[in-house]
Every structure is written in structure tokens, then in C-alpha cells.
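1. need a structure here:
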Amino acid sequence: MRQRPTLLTTCCSAALLALLACNGKGEFTLTTGAPPVTGESPSTGSPQTPSPSTPNVPESPGEAPAPTPTPTPEPTPTPTPTPEPEPEPTPPPAPTYSRILWVSPSGSDSASGTESAPLRTVSRALTLIAPGEAIYLKTGTYAERLKLEERGGTASKPLTVKAAPGASPVVKPGASESALVDVRGAYWTVDGLTLDAAGTPTFAVLWRGAATHHGVLRNCVAKNGTAGAGLNVSEKASDILIERNTISHFDKGSSDSHGVIVQTTARNVVVRGNDIHHNSGDGVQCIGPEGGATVTGTPFDNLLVEDNELHENRENGADIKTCTRVTLRGNVIWGHKATSTSRGEGVVVHLSASDVTLEDNVFYGNGRAINIGGTRVNAPPTRITVQRNLIRDGLGGSEDGGGIRVDTSNTVKVLHNTVWNMPGACLTFGHGDTGASASLDVRNNIFAGCGLGVRAGSGRSGAVVDGNLYFSTSGAARFQLDGSERGFADWRSSSGLDRRSMEKSPAFVNIDTGDFRLGPTSPARNAGLGVGLTFCGGAPDLGAFESDCP
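-> Numbering: from 1, shown residues only. Got it, this is the predicted structure:
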């Protein structure tokens, strides 16, 4: 996993070990996990010097009693210094606005807009705001559309609509509206509001038009709509940041209502640090022209989905269609189940997506963790990288329960992942209905505790599968080649793959607490092949977690 400056001890992603601890058998517990292993014995302080004892020597007849030795005084113990408390981090300075317009449901639109004489509607304040100014909403319900039009905002003088300090404002639909917050201008920031669509077919936020760029939605709650999504970035909108929001319960029953959708012609969107759950579509969907967009030949470009928790959506955690330059990094993705329209994938990448990277994510409790390929119209997914992900504890029963599936695709890399306790296959490839898993590269992974180590079909020509570790918790690891089950030796000889791979226990630190780092005796340490990723020690480790890093 990637290193982050906020971590003190491990090379893993921010959301990993403590958050996801479970017993390795599909029962999830909210524990803090084992303390990091540092390889050093804990200090117990300075040892005490024992006092010398007086020897018990009997007196001999006629001899003077032996003199009693003077006892050696006890050394004065060195007091243990009291550690100084770490200083509290200095809070960031409050933003400075050239003017603040205050709004309250009990105010008046003929008032001056000060804190003591607030306006009544946000709409009135929006006619008065200038670049560098802010609108503060006091506690209450605002039944109106916030139409954020072009007002001359700039990078140094943005336009801000936010909750007043300590306030809890709620925006709800007034009349029939397309969006509670309708953004059509540049450099608008919306911060700290609750956007409650109240069961109406209304987007919480809609960014649209080429004039809409450098918008920010931060620290908001968006919920309870029946439109096609909660947040919608469309019609050439660009450079949008969606950060630290809760986006949930956008629900159209058996039809799609996604948490966040980014549409064709839009570009440069960051979805970071959000909690996105219980939507009737995907947590995040990147749609493309083959996925229903109205402008052909213009796929969405440059999406970063980072450090989010995507869970319990009706379809997938993230669905990447015909989009280019997409990165999903550091997300925790769980609780997706198969439906009539989905296998319950944590992430699916299909249609003609290209240049997509999935890295440092954690998947658990999904019907299938990752699926590359599947639905296809034109070219298959191309140049897809799946690296340093932790995939664990898939759903069984009627679910697929698989780890990583690579269907029809071109140039897919599966590197340094840890897959554990999946009822289905750790890895499936070569089974695409519309073509081969072409130019597939699978190296330096740990595939352990799955129903099958690998399930390979006929569309595997040219695949490179090597340097992996396989392990079964119930006897020898099992493989399936062209529908026939085999042991490890037979798999290697029949497929020509995995010549430098091994079948051994990975010796994780502690699976019961969700610690999937490699223990000090793990055969996966320094056992990897060079694939171009950074590593510590004499050679790369296998799996998602690199050991021996300073």
C-alpha cells in the first residue's frame, strides 16, 4: 500500500487495518487491531540494582564474632521523566471574507444582511454577493433553490455559501426543481449544509455548463432524492471537488439513483473523503457515451476517487464506464450484493474505459470485489492497473464471492494485491464472452484462503502469471483450468504459468485483528519480482503491504 505522511508505523493506506478488523471468517468486528509490530522489545525502564545480602556465617568457638559488614546503601532510583504532552495542532485560520451576508428563516429580505439583521432567503443574498464574500446560513429550513450563477468569482476571491458557525441549516425543495443547489458559475464553494431532497426527483447538487468550474462541495449532507443521482457533474463542467460529505438514500427502487455521477464532456473531478451509501445505483459512476450519454465520442476525463467509504449501495461501489484517466485510491468498499442488474461488485470497469488505476483500496463483504471487462460495445477496457489492494471476506451463498475477475480486456496489470477468504476464486481470467483477457500481467500477489486459487478459461493467450503465493486453509490450493480442477503442480505444468510462484502459508501478522502485513517469518518477504513499483529491502514483498520500510 502507499505510504502516507499521517501514518506513523506502516506502509498501508489510511483506512485499513483497524477499521476493517474481523475474524477472517466473514464476521466483522469493530476493533482497533493489534498494535503495529516494530521488531523491538518494549522498554521496561532502568533495572533496579539488588541490595547485597549479609552472609550468614556461624561463629567459631574462641573466635571473635565476625564484624558485621556495613550495608551498601540502596542507589537512589532515577525518576522516570514525565513525558511532555504533545502540543495541540494549531487549527487552520478561519477564512477571511471581505463581507458576510447573514440569512435566517426569521429574517427579512429588506434587512441589511448583518448577523443581527439577517436576510430571510438565500436567493436574496445571492443577488447581493460579490467575489470574496460569503453567505452564512443560520439554523432553520430553507425551502428554495440555490441558483449559483456566474458572479465573477476567482481563485483568490471565491464565492461561498455555508452554515454559520455552530448552525445546522437544511435546504429542501420549494417547488418543482431540478436541483437544490444548481451551479452555473465559477468558483462557488458550498460548505456545511444539509441538502434534503425529501423524496422528490431532485438532485442535491447539479454542476452544469462550461462556465461552471472550480466548484467545491464540502462537509455537507445530501440525502433522500429520487432523481438519477444525488450529485451530478455534467455539460462540460470541470474542476469540481466533492469532499467530506455524506451522500445517501438516493433511491428509485429497482432503478438507478447513484450517489455521484460524472457525465461525458465533464472533466477534472475529485471525489475525496466522502461517506456514500444506501443509494439505489452505484456509489460513484463515471458514465461514457456507450453508457447512455447523449454526446458520443466525448468520454469523461480525469477522475480521482480517493479515501471514501463506499458501502451498501444497490449496485456497485464504483462503476467506471467509457471514461479516461480514472484513479480509485485509498477507498474502503464494502457491503454490495448481487441484484438483477449487478454482481454486487465493489468496482466494475467496463465498456471502453481506459487508463484506469485501482490502488490501495480495501474491499470486503462484496458479492465480487473487482471486475474488469464485461459489458462491451466497442473496444474493451484498456490499460487497467490493479495494484496493492486488500481484498477480503467475500460474500458466499448465492453470491459469486470472487476476488478479481478479468474478462474481455487489453493490457491489464494485477500486481501486489492481497486476496483472502473469498468463497469463489481469488482470480478469474480468460472467460470473457466477447474476447480474450489480452496482455494480462499477474505478478507478486498473495491469493490465499479462497475457494479456488485461480480459475482460467481459454481466452488467456499471452498471459503472464508469475511470482505469486497461493495458500488454502483446508488442504492443498485448488486451481481450475478450462473447467478441469487441478493441484498446484498440475496447474503449473498444464498452463505454463506460475513457474516462480509458491504454495506456502503467507504468515500474516494477525488475520483475526485484520492485520495483513507480513510476519517476520513470512515466505512472501523479499520474494517478489521487479515490476517497477518501489519497495524496501532486498526485493519486493508479495501482497499489498511492503515490509521493512523506515
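2. quick one: buried residues of stretch 159-167?
-> 159-164 (16 or more other C-beta atoms under 10 Å). For glycine as for every other residue, the C-beta is placed from the backbone atoms N, C-alpha and C.
3. my bad, stretch 337-347
-> 337-338, 342-347.
4. restricted to strands, list the residues you listed.
-> Of the positions in the buried residues of stretch 337-347, 345-347 sit in strands, assigned by DSSP state E.
5. just read off the phi/psi values of the closest residue to residue 400 other than its chain neighbours.
-> Nearest residue to residue 400 in three dimensions, chain neighbours excluded: residue 368, at 4.6 Å (C-beta to C-beta, 6 or more residues apart in numbering). Backbone geometry at residue 368, expressed as degrees, to the nearest 10, gives phi -150, psi 140.
6. which residues touch stretch 166-176?
-> By C-beta atoms under 8 Å, 6 or more residues apart in numbering, the surrounding residues in contact with stretch 166-176 are 122, 136-146, 163, 180-181, 192-198, 200, 202.
7. among those, which are in helices?
-> residue 122 (DSSP state H).
8. buried set for stretch 145-158?
-> 145-146, 148, 151, 153, 158.
9. rebuild those residues as TSV, extending it with pLDDT and distance to residue 388.
-> Shown next, in TSV, are those (pLDDT from 0 to 100; distance: C-beta to C-beta, whole Å):
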residue	pLDDT	distance to residue 388
145	96	43
146	98	40
148	98	39
151	98	43
153	98	39
158	98	36
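10. export those to TSV and tack on distance to residue 292?
-> Below are those laid out as TSV (distance: C-beta to C-beta, whole Å):
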residue	distance to residue 292
145	26
146	28
148	27
151	33
153	32
158	33
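11. residue contacts, residue 237?
-> 183, 207-210, 212-213, 215, 266.
12. these two touch, right, residue 97 and residue 135?
-> No. With contacts counted by C-beta atoms under 8 Å, residue 97 stays clear of residue 135, the gap being 9.5 Å.
13. what touches both of those two?
-> residue 160.
14. quick one: which of these two has more around it?
-> For residue 97 and residue 135, the more surrounded residue by other C-beta atoms under 10 Å is residue 135, and the numbers stand at 25 against 18.
15. show me the beta-bridge partners of the more buried one.
-> Assessed by DSSP bridges, residue 135 has beta-bridge partners residue 101, residue 161.
16. gap between it and residue 340?
-> To residue 340, residue 135 is 44 Å away according to C-beta to C-beta, to the nearest Å.
17. do residue 183 as well
-> Counting by C-beta to C-beta, the gap from residue 183 to residue 340 is 34 Å.
18. same question for residue 389.
-> Residue 389 is 27 Å from residue 340, by C-beta to C-beta.
19. now residue 487
-> For residue 487 relative to residue 340 (C-beta to C-beta), the value is 37 Å.
20. equivalent analysis for residue 144, please.
-> 38 Å.
21. one more: residue 547?
-> In terms of C-beta to C-beta, residue 547 sits 44 Å off from residue 340.
22. which ones among the buried residues of stretch 145-158 map onto strands?
-> Using DSSP E, the buried residues of stretch 145-158 in strands are 146, 148.
23. what's the closest of the buried residues of stretch 145-158 to residue 352?
-> residue 148 (33.5 Å; C-beta to C-beta).
24. these two touch, right, the closest one and residue 181?
-> Yes. Residue 148 sits in contact with residue 181 when judged by C-beta under 8 Å, with a separation of 6.7 Å.
25. what touches both of the two?
-> In contact with both residue 148 and residue 181: residue 190, using C-beta under 8 Å, 6+ apart.
26. residue 440 is in contact with residue 431, correct?
-> No. The pair residue 431 / residue 440 is not scored as a contact, 12.0 Å apart, by C-beta under 8 Å.
27. more neighbours: those two, which one.
-> For residue 431 versus residue 440, neighbours defined as other C-beta under 10 Å are more numerous around residue 440 (26 against 18).
28. just the pLDDT for the more buried one.
-> Looking at residue 440, its pLDDT is 98.
29. confirm for me that it is in contact with residue 406.
-> Yes. Residue 440 is within contact range of residue 406, at 5.9 Å (criterion: C-beta under 8 Å).
30. now do the shared contacts for the two.
-> With C-beta under 8 Å, 6+ apart, residue 440 and residue 406 have common neighbours 412, 414, 429.
31. quick check: the first one touching residue 436?
-> No. With contact defined as C-beta under 8 Å, residue 412 does not reach residue 436; the gap is 11.0 Å.
32. settle it for me: which of these two has more neighbours?
-> A count of neighbours by other C-beta under 10 Å puts residue 412 above the other of residue 412 and residue 436, at 27 against 23.
33. need the longest helix for the protein.
-> helix 488-495.
34. so what does it touch, helix or strand wise?
-> strand 452-456, strand 479-481 (3 or more C-beta pairs under 8 Å, 6 or more residues apart in numbering; DSSP states H and E).
35. the very next helix or strand once past it: how far from the chain's middle?
-> Using DSSP states H and E, the helix or strand that follows helix 488-495 in sequence is strand 502-503. Relative to the chain's own centre, strand 502-503 is displaced by 30 Å; criterion: C-alpha atoms, centre = their mean, to the nearest Å.
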